[in-house]
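Participant: kindly return the folded structure for what I paste below:
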Amino acid sequence: MGIVDDLFVTQNKLASDRAYWEDVWYDCVELAMPFASWKFAFKGDTIKSSLTGTYMQPESARRSREIYDGEAVWASERLAAGMESLVAPRAQKWQDFVLGGPFAPDPTDLEQEWLERLRDYNFQVRYDPRCNFALANQKAIRSTVTLGTGILFCEENMGRRGVSPVQVPFFYRFVPVIEAYLGVDPYDDIDKCFRICEMTASAAANYFGADNLSQKVRDAANDLKQCNDPYTFMHAVLPREETGDYALKRQGQLYASFWAECDTRHLIKHSGFFTFPYLVQWWDQSENTAYGQSPLMSVLGDVKMLQVMSKTSLKAAQQIVDPPMATMPGLYNKRLNLNPRAVNAGYIDEAGRLKAQPLVTVKDPSFAENLMELKRKGIRQSMYVDLFQILVQNPQMTATEALIRANEKGELLGPAGAKIENSLGRAAEREIGILQRKGAFDSGSPLVPPQSIGGKNVSVEASGPLARLRRMQELTGVNSVLNLASVLGEYDPKVLTRIDGDATLEIAREIQGAPRKMFRTDDEVAVLAQAQEQQNANALNLQATDTLARAAGAATPAIQALQAANMGKAA
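Facilitator: Numbers count the residues shown, from 1 in each chain. Next comes the predicted model:
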């Protein structure tokens, strides 16, 4: 057996481990993700996907026909948008670079300035449209919220056509979970990914180079009639020691990478990665598995029941609006005209009684609607929708109430958000590794670090809205202590001397997410303090001189009188 056959053996083992999740994913997609770009070939067996857009109609058009109540769709979208705004809002810097280590000293002003410059550059590259991070991350968070697992692929730009590696050192791609077969190490960290995806023949020739493809795909790429035909490929990334490859030219690349054609079992490319390129997000990772559970899965039964109830309720409403008719014997073959102002001759007997009457069995359709609203409320609560409607529910709340509610939101969404933040932190570490290999920190670069950084570990720290929400309790405590101190200060002024104003202001700045550049540096503060002291000293000297002058002016008449008296005595 060759290396490609061995890889497919491993992929089949991972596929059997994943099979238990596929039915649940199918239900979640059908009921809450009608716009998903991947398609199930058939349920309960091999599941295929397509990103080529070759289907006759969007999958959402088919799925929407079977959705009678859109509460799950709406709640999933609201939670996905809310989590993106809390973890990775596009208009904010939601990550900081810090000097790592629990006992690391605070960075100097020069070091802090460099860390912020590195962060600003990294965000500028990350949100370049050609990098595709914003769109890929949005899809990954949506997949995390609905399916429990979201996957990003961070690829180093080695010369992508039309994109400079200097301007865009890396770019992102969203990987549907249906394409990925994941494996974990003993620490429940993802250490292998076998991705089965489709590309057209021309796209494959562009991506891999036509000479690296099999003769079959190469011929299709050169044929105008077949160049857009889809072909299936496998990308396998796994620890290098599991492949037995210890080539010197790949030393340091901890993960081996293989691209192969699924149909021909042709090995296209063999390379490696210094860090794992597939970044996995979970809502709640299950033990001893590579996949996670979503909040939608916990109410999937209610979502299915709501569909049945809604369908039944619609039938009942239709029966009320357009009921079936009951007629006397002999009239069944005569069609009633139910249009406005229509005349139906012969349908009233001599006593004035109707010979045809509506057959209505529904008595109170509002009862079913009340039951459905209870189900909808449970779905909204399970999907945390109520946490994003605090201001809508109570727009008149005080600042203290807002802090308490914000702290509650941070506590409830914190566990899931932390897993997403952890994945994005690994993405930032991979980005910095790519920048370093491309010489971004070499001498002469605008990002060259100060000499004091040498030997220190630079790590990533989440600083987005969710990270700040977790510290809202701390800010609430600061406000409470300051209020109490102001009251006690009226009776004992010495109380206020215990409060460090600079430290308090720095805590508030960190929690509120204000930029550090709004504060002056320690050196600037020292210069201003020295200038203020000199100004105060000059003012005191001027005041003392003025006092002496006024005293001298007041004493002049008395001195003159005394001098005149002395002169009189002498005469």
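Participant: all strands of the stretch 301-450 of the chain, in order?
Facilitator: With DSSP state E, counting those that start in this stretch, the ranges of strands along the stretch 301-450 of the chain come out as 325-327, 356-358.
Participant: can you list the weak-confidence ranges in the stretch 101-250 of the chain?
Facilitator: Flagging of the stretch 101-250 of the chain using pLDDT under 70 yields the residue ranges 101-102, 161, 245-250.
Participant: again, 90 this time
Facilitator: The stretch 101-250 of the chain contains residues with pLDDT under 90 at 101-113, 116, 157-168, 185-189, 240-250.
Participant: also the stretch 401-550 of the chain?
Facilitator: 401-418, 438-446, 450-459, 461-550.
Participant: repeat that with 80
Facilitator: Within the stretch 401-550 of the chain, the stretches with pLDDT under 80 are 401-412, 414, 454-455, 469-480, 485, 494-496, 500-529, 534, 536-550.
Participant: what's downstream of the helix or strand containing residue 487, the next helix or strand?
Facilitator: If you go by DSSP states H and E, residue 487 is part of helix 472-489. Later in the chain than helix 472-489, the nearest helix or strand by DSSP H and E is helix 501-512.
Participant: just the buried residues of the helix holding residue 487, please?
Facilitator: Under the neighbour-count criterion of 16 or more other CB atoms under 10 Å, helix 472-489 has 472-473, 475-476 buried. All C-beta spots, glycine's among them, are computed from the backbone N, C-alpha and C.
Participant: check the residues you listed and tell me the two furthest apart.
Facilitator: 473 and 475 (7.4 Å; CB to CB).
Participant: contacts for stretch 118-137?
Facilitator: By CB atoms under 8 Å, 6 or more residues apart in numbering, the surrounding residues in contact with stretch 118-137 are 84, 88, 90, 93, 95-97, 152-153, 163, 167-174, 424, 428, 431-432, 435, 446-447, 458.
Participant: just these: which are in helices?
Facilitator: 84, 424, 428, 431-432, 435 (DSSP state H).
Participant: who wins on neighbours among those?
Facilitator: residue 424 (24 neighbours; other CB atoms under 10 Å).
Participant: how about the spatially closest residue to it that is not a sequence neighbour, what does it touch?
Facilitator: Closest residue to residue 424 apart from its sequence neighbours, by CB to CB, 6 or more residues apart in numbering: residue 88 at 6.4 Å. Neighbouring residues of residue 88 by CB under 8 Å, 6+ apart: 94, 137, 141, 420, 424, 464.
Participant: and residue 88, what are its phi and psi?
Facilitator: Main-chain dihedrals, residue 88, degrees, to the nearest 10: phi -140, psi 60.
Participant: same question for residue 346.
Facilitator: For residue 346, the backbone dihedrals (degrees, to the nearest 10) come out as phi 90, psi 10.
Participant: that one reaches residue 356, doesn't it?
Facilitator: No - counting by CB atoms under 8 Å, residue 346 sits too far from residue 356 to count as a contact (9.8 Å).
Participant: quick one: which of the two has more around it?
Facilitator: residue 356 (18 against 9).
Participant: quick one on the thing from earlier: okay if I get the strands of the stretch 301-450 of the chain as TSV plus mean pLDDT and distance to residue 490?
Facilitator: As requested, the strands of the stretch 301-450 of the chain are exported to TSV (pLDDT from 0 to 100; distance: least, CB to CB, whole Å):
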stretch	mean pLDDT	distance to residue 490
strand 325-327	80	84
strand 356-358	82	79
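Participant: make CSV out of those and add distance to residue 120.
Facilitator: Shown next, in CSV, are the strands of the stretch 301-450 of the chain (distance: least, CB to CB, whole Å):
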stretch, distance to residue 120
strand 325-327, 73
strand 356-358, 71
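Participant: among the ones you listed, which is nearest residue 215?
Facilitator: When the strands of the stretch 301-450 of the chain are compared (using CB to CB), the closest one is strand 325-327, at 69.8 Å.
Participant: now do the buried residues in that closest one.
Facilitator: Of the residues in strand 325-327, residue 327 count as buried by neighbour count, 16+ other CB under 10 Å.
Participant: so what's residue 266 up against?
Facilitator: Counting by CB under 8 Å, 6+ apart, residue 266 makes contact with 4, 213-214, 260.
Participant: now do 10 Å
Facilitator: Neighbouring residues of residue 266 by CB atoms under 10 Å, 6 or more residues apart in numbering: 4, 212-217, 233, 259-260.
Participant: buried among those residues? Make that a ChimeraX selection.
Facilitator: Selection of buried members from the contacts of residue 266 for ChimeraX, criterion 16+ other CB under 10 Å:
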select :4,212,213,214,217,233,259,260
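Participant: okay if I get the ones in helices among the contacts of stretch 118-137 as TSV plus distance to residue 312?
Facilitator: Formatted as TSV, the ones in helices among the contacts of stretch 118-137 follow (distance: CB to CB, whole Å):
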residue	distance to residue 312
84	36
424	44
428	50
431	52
432	56
435	58
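Participant: nearest to residue 221 among the residues you listed?
Facilitator: residue 431 (32.3 Å).
Participant: contact partners of stretch 492-503?
Facilitator: Contacts for stretch 492-503 (CB under 10 Å, 6+ apart): 478, 481-482, 484-490, 506-507, 519, 522, 525.
Participant: got the buried residues for that stretch?
Facilitator: Judged by neighbour count using 16+ other CB under 10 Å, stretch 492-503 contains no buried positions.
Participant: now do the helices in the stretch 251-400 of the chain.
Facilitator: For the stretch 251-400 of the chain, applying DSSP state H, counting those that start in this stretch gives helices covering 295-298, 300-321, 366-382, 390-393, 399-437.
Participant: neighbours of the closest residue to residue 227 other than its chain neighbours, how many?
Facilitator: Once flanking residues are discounted, residue 227 sits nearest to residue 202: 4.1 Å by CB to CB, 6+ apart. Under the neighbour criterion other CB under 10 Å, residue 202 is assigned a count of 19.
Participant: check whether residue 202 really touches residue 208, as I assumed.
Facilitator: No - Residue 202 lies out of contact with residue 208 (CB atoms under 10 Å); the separation is 11.4 Å.
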